[in-house]
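Trainee: Need coordinates for the following:
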Amino acid sequence: MNPEPRTPLASGSAPVRPANRRANSSAFYGQLHKIQGTTPPPVADEVVVTEDGKTIRITHSDTKYTIPLASSVAVPLPLGGSSGSSGATALVATLFYGANAAAAADGHITDLAIFEFIQTLDELMVPYEKSHAYHRPLDSSAAPRVVEIAFSLPQMLNLTDLRRHEDIWGFEKKWGIEVVLQRNDVFRRHKRLAVFDMDSTLIQQEVIDEIARFIGKEDLVSRITERAMNGEIDFTDSLKQRCALLRGVPASVFDQLKPVITITPGARELCRALKNLGYKLAVLSGGFLPLANYIKNELGLDYAYANQLVVSPDGRELTGELTGDIVHAERKATLLQQIAYENGIPLHQTFAVGDGANDLKMMEIAGLGIAFNAKSMVQLEAPSHLNSAWMQDVLYILGLSKEEQAQLL
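Mentor: Numbering: from 1, shown residues only. Sure thing, here's the model as predicted:
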């Protein structure tokens, strides 16, 4: 099955980074300007696009930027940089069109947007050095909505700071394009373990809110859930508060909920493709085990971990209490490490996907962490974020083109 087209989200869905969290190239340049040969980035560039739409000239100099052909491939650059400079790190950026549909009315990532992204990278170089970037569209060569760009940056601007840089966020806001940055090495395309949150990630509901609906306490439970997912209150305390409100709910509620649960569009295809690549898959949920096991079976996952509600001795009602280990943020991170160890998989060959504050720790220790349609504060803290109506888009971040995805499905 071919992936469905990406559906643009509403304007303004991408979070705006607070000023006090920004990284700025001037902070690096202030310490590095005395290095011999350092030259500040050129300013007041005037850009002209030639008739073929592929070559862009900076008119104040003889520098030319040529956008590679559509068939070019984003191959890893040497660690020393293609220009031979020492201390450079090979990175890859995956650009997704549609985070702010109003910002790019023509409906795809244009050559000019690609050029401006490369120019943005150039301006972050201290000492200044023209970047040597390669790009390829992943879904369509004529009107791409997903493009990957391989490039190198000096080590003095590390990956964490680059992800938080105000210029990157400014580019995203201007063009309506989300940027996912990661190291461009062999393990980027060859991961072996994927772990997922369940509620509002693999499925579109928050299960505890659905249970609360049975007893008319949905609004109260939902407010506690929202505060917990935003990191405003401790997850364990909030879980106990919400579970206490479920006392007296029929124990059969989980069977009644199964027809109501909506699996996130693209999640089945994503899991099927990963299984065909030999991945181990797990759901690590702050929800409840009966439905986590249901999702495990529906998606063909290998592991399911979640919280267990106590049932009354006669088996008829929930008591509002929990038994066993609570699956909070620390537990999720521990389970990721445990599953990886059991299967002989190094952490840099893992990735984690979630939407809440209790997913951040597992996203931080995984080789790649993705906040998928996440709460705003989680998107600010996560290693990367992706807002999409189609979960299969995660495969693009792994470097798989539309054609390659079709082969896996």
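Trainee: Residue 245 - nearest residue in space that isn't next to it in sequence?
Mentor: With sequence-adjacent residues excluded and distances taken as C-beta to C-beta, 6 or more residues apart in numbering, residue 245 is closest to residue 217, at 5.2 Å. Glycine gets a C-beta too; all of them are placed from N, C-alpha and C.
Trainee: what about that neighbour, distance to residue 322?
Mentor: Distance of residue 217 to residue 322, computed by C-beta to C-beta, to the nearest Å: 17 Å.
Trainee: Repeat that for residue 191.
Mentor: 33 Å.
Trainee: Looking at these two, which is more packed in?
Mentor: Using other C-beta atoms under 10 Å as the criterion, residue 191 and residue 322 rank with residue 191 on top: 20 against 17.
Trainee: For the more buried one, give me phi and psi.
Mentor: Here is the backbone geometry of residue 191 (degrees, to the nearest 10): phi -90, psi 160.
Trainee: mind listing what it touches?
Mentor: 279, 349-351, 367-368, 398 (C-beta atoms under 8 Å, 6 or more residues apart in numbering).
Trainee: mind redoing it with 10 Å?
Mentor: 274, 277, 279, 345-346, 348-351, 366-368, 398 (C-beta atoms under 10 Å, 6 or more residues apart in numbering).
Trainee: Dump those to CSV, plus neighbour count and pLDDT.
Mentor: Listed next are these as CSV, based on neighbours: other C-beta atoms under 10 Å; pLDDT from 0 to 100:
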residue, neighbour count, pLDDT
274, 24, 98
277, 16, 96
279, 20, 97
345, 17, 96
346, 13, 96
348, 15, 94
349, 20, 96
350, 27, 97
351, 29, 97
366, 25, 96
367, 21, 95
368, 23, 96
398, 20, 96
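Trainee: you'd agree residue 235 is up against residue 208?
Mentor: No - Residue 235 is not in contact with residue 208 according to C-beta atoms under 10 Å; the separation is 11.9 Å.
Trainee: between those two, who's got more neighbours?
Mentor: residue 208 (26 against 21).
Trainee: and the more buried one, what element?
Mentor: If you go by DSSP states H and E, residue 208 is part of helix 207-213.
Trainee: for the next helix or strand after that helix, the distance to its chain's centre please.
Mentor: Next along the chain after helix 207-213, taking DSSP H and E as the criterion, comes helix 218-229. Relative to the centre of its chain, helix 218-229 is centred 24 Å away, using C-alpha atoms, centre = their mean, to the nearest Å.
Trainee: packing partners for helix 218-229?
Mentor: helix 207-213, helix 235-244, strand 280-288 (3 or more C-beta pairs under 10 Å, 6 or more residues apart in numbering; DSSP states H and E).
Trainee: and the strand or helix carrying residue 361, what does it pack onto?
Mentor: For residue 361, the host element (DSSP H and E) is helix 360-365. Helices and strands touching helix 360-365, by 3+ C-beta pairs under 10 Å, 6+ apart, are strand 193-196, helix 329-342, strand 350-354, strand 368-372, helix 376-381.
Trainee: Show residues contacting that helix.
Mentor: Here helix 360-365 has contacts from 195-197, 231, 284, 328-337, 340, 347, 350-354, 369-371, 374, 377-378, 381-385, using C-beta under 10 Å, 6+ apart.
Trainee: Just the buried ones from those residues?
Mentor: 195-197, 231, 284, 328-329, 331-336, 340, 350-354, 369-371, 374, 377-378, 381-385 (16 or more other C-beta atoms under 10 Å).
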